[in-house]
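S.K.: Output the structure for:
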Amino acid sequence: MLDVIWINPAGDDPAGETIMTNHLFVGAAEVDITPPVGTKLCGNLEPRTSIGVDDPLTFKAVVLESGGVKLAYVLADLIALTRETGDAMVALAARRTGIAPENIVWAASHTHTGPYTTPLFGGEINREWLASLPEKFAQAVEAAHKSRRPARMSRERGYCLKMIHNRRLKFKDGREINTWLLHQGEADSQCLGTAAPVDPEVGIVCFDDEQGTPIAILWHFSLHANANFGPCFSADYPGVVAGRLRERFGAGGVPIFMPGAEADINPLAKYRKVGDELATVIIQRLDQRRPGKGGTKLGAFKAEVLVPCRI
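M.R.: Here you go, the predicted model:
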């Protein structure tokens with residue numbers, strides 16, 4: 001599924017009608033979903049047994065309301081989820097809150113230091129823990145829904161150039177090879193460079209309450225969450241960013257990652273260093289934010305997109 005929410009900031013709508021009366025209300029919440037220690041970790045070539053928690057795995061939810069429209073976005077600190085689990089989560093959250101199912105959007109951060117969640121990756125799934133996710137997802141959306149209050153939105157962007165690279169190299173004979181699979185034989189063919197570009201832009205949307213304190217900070221970046229690979233549960237670099245943002249802006253604000261197209265984009269450093277670099281960029285931009293004072297128009301749509309498997 002392709003799930004999209006859109007936010008039209010203060011000003012006029014496409015039909016030319018002013019939307020200043022569409023006051024924005026925002027709530028955010030977080031629910032811990034870390035499995036029991038001892039659960040198998042996904043994301044490596046071989047299963048690992050978890051021995052602790054570097055940083056907790058969570059559902060982070062934000063609910064927006066304006067002009068009678070409600071939207072919810074939820075980030076899961078997990079490698080992936082099946083369509084079946086995702087549909088069950090959305091259906092329960094919709095029943096609890098009255099938010100239309102098509103207006104509830106979720107994404108997985110794709111952390112490689114979380115549990116197995118789908119047969120796609122093989123490994124041993126903790127079925128009892130997996131069965132608890134719809135309830136916890138609904139709890140997060142419901143708590144965010146109940147906490148919504150008047151808010152103002154600001155949008156910023158920054159850039160993080162140091163920490164990322166495209167892991168696929170393209171050769172003159174047409175091959176594209178992951179960097180860790182290179183062998184001596186590649187010397188027989190000229191490397192033409194990386195197979196695709198990277199996107200260094202960090203997109204930022206902040207929702208402040210009437211006192212100027214963040215309710216939720218949404219940030220977008222295109223980078224694989226595979227910089228940890230340790231034996232303990234970890235949200236990877238998004239978890240580091242979340243901790244830094246709360247240190248700077250207060251524990252009440254919920255930092256929510258919005259992953260970009262990251263499949264072949266890998267980090268060049270350990271997860272804490274990557275997270276610190278990104279957090280520094282986000283904090284610098286947010287320190288200069290100027291929330292708008294106008295109304296906001298919301299929308300959402302869902303469409304199924306079939307992506308062919310690359311051989």
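S.K.: Count the residues that sit near residue 251.
M.R.: Residue 251: 7 surrounding residues under other C-beta atoms under 10 Å. In short, each C-beta sits where N, CA and C put it, glycine included.
S.K.: Spell out the secondary structure type for it.
M.R.: Following DSSP: H, G, I helix; E, B strand; the rest coil, residue 251 is assigned to coil.
S.K.: Could you tell me the model confidence score at it?
M.R.: pLDDT, residue 251: 91.
S.K.: what does residue 46 give?
M.R.: What the model reports for residue 46 is a pLDDT of 84.
S.K.: Correct me if wrong, but residue 135 is in a strand.
M.R.: No: Residue 135: not assigned to a strand; according to three-state DSSP it is helix.
S.K.: What distance do you get for it to residue 91?
M.R.: Distance, residue 135 to residue 91, by C-beta to C-beta, to the nearest Å: 12 Å.
S.K.: quick one: low-confidence ranges for the stretch 151-300 of the chain?
M.R.: Applying pLDDT under 70 to the stretch 151-300 of the chain flags the ranges 184-187.
S.K.: got the residue ranges for the helices in it?
M.R.: For the stretch 151-300 of the chain, the helices defined by DSSP state H, counting those that start in this stretch cover 237-249, 271-286.
S.K.: Please work out which of those is packed deepest.
M.R.: Counting by mean count of other C-beta atoms under 10 Å, helix 237-249 has the highest mean neighbour count of the helices of the stretch 151-300 of the chain, with a mean of 22.
S.K.: Run through who's touching that helix.
M.R.: With C-beta atoms under 8 Å, 6 or more residues apart in numbering as the test, helix 237-249 has contacts from 54-56, 60, 75, 77, 109, 111, 213-214, 217, 219, 223, 225, 227, 235, 253, 255, 257, 267, 271-272, 274-276, 278-280, 282-283, 286.
S.K.: again, but for stretch 98-106
M.R.: Counting by C-beta under 8 Å, 6+ apart, 3-5, 63, 69-76, 81, 86, 89-91, 93-94, 137, 141, 145, 300-302 sit against stretch 98-106.
S.K.: Give the rounded mean pLDDT of stretch 129-138.
M.R.: For stretch 129-138, the per-residue pLDDT averages 98.
S.K.: Start and end of it, how far apart?
M.R.: 15 Å (C-alpha to C-alpha, to the nearest Å).
S.K.: Ok, stretch 129-136 next?
M.R.: End-to-end for stretch 129-136, by C-alpha to C-alpha: 11 Å.
S.K.: returning to that earlier point: counting neighbours, which of the contacts of stretch 98-106 end up buried?
M.R.: For the contacts of stretch 98-106, a neighbour count by 16 or more other C-beta atoms under 10 Å gives the buried set as 3, 5, 63, 69-76, 81, 86, 89-90, 93-94, 137, 141, 145, 300.
S.K.: List the ones among those that fall in strands.
M.R.: Members of the buried ones among the contacts of stretch 98-106 lying in strands (criterion: DSSP state E): 3, 5, 63, 69, 70, 71, 72, 73, 74, 75, 76, 300.
S.K.: The third one - nearest residue in space that isn't next to it in sequence?
M.R.: Excluding the flanking residues, the one nearest residue 63 by C-beta to C-beta, 6 or more residues apart in numbering is residue 144, at 4.3 Å.
S.K.: Please report how far the one you found lies from residue 193.
M.R.: On the measure of C-beta to C-beta, residue 144 and residue 193 end up 44 Å apart.
S.K.: repeat for residue 256
M.R.: Distance of residue 256 to residue 193, given as C-beta to C-beta: 34 Å.
S.K.: who has more neighbours, these two?
M.R.: residue 256 (24 against 10).
S.K.: show me what contacts that one?
M.R.: Residue 256 touches 28, 60, 61, 62, 73, 75, 216, 217, 218, 219, counting by C-beta under 8 Å, 6+ apart.
S.K.: That one pairs with what?
M.R.: Beta bridges link residue 256 to residue 218, judged by DSSP bridges.
S.K.: Can you dump the C-alpha atoms of stretch 67-85 in PDB for me?
M.R.: Provided in PDB are the C-alpha atoms of stretch 67-85 (Å, rounded to 0.1, in the frame of the first residue of the first chain):
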ATOM      1  CA  GLY A  67     -11.800  21.500   9.400                       C
ATOM      2  CA  GLY A  68     -13.500  18.300  10.500                       C
ATOM      3  CA  VAL A  69     -10.800  16.000   9.100                       C
ATOM      4  CA  LYS A  70      -8.700  13.800  11.300                       C
ATOM      5  CA  LEU A  71      -5.400  12.100  10.300                       C
ATOM      6  CA  ALA A  72      -3.100   9.800  12.200                       C
ATOM      7  CA  TYR A  73       0.400   8.800  11.500                       C
ATOM      8  CA  VAL A  74       2.300   6.100  13.400                       C
ATOM      9  CA  LEU A  75       5.900   5.100  13.200                       C
ATOM     10  CA  ALA A  76       6.800   1.500  14.300                       C
ATOM     11  CA  ASP A  77      10.400   0.800  15.400                       C
ATOM     12  CA  LEU A  78      10.300  -2.500  13.500                       C
ATOM     13  CA  ILE A  79      11.900  -3.900  10.400                       C
ATOM     14  CA  ALA A  80       8.500  -4.500   8.700                       C
ATOM     15  CA  LEU A  81       5.000  -5.700   9.200                       C
ATOM     16  CA  THR A  82       2.700  -7.800   7.100                       C
ATOM     17  CA  ARG A  83      -0.400  -6.400   5.500                       C
ATOM     18  CA  GLU A  84      -2.500  -8.600   7.800                       C
ATOM     19  CA  THR A  85      -1.000  -7.200  10.900                       C
END
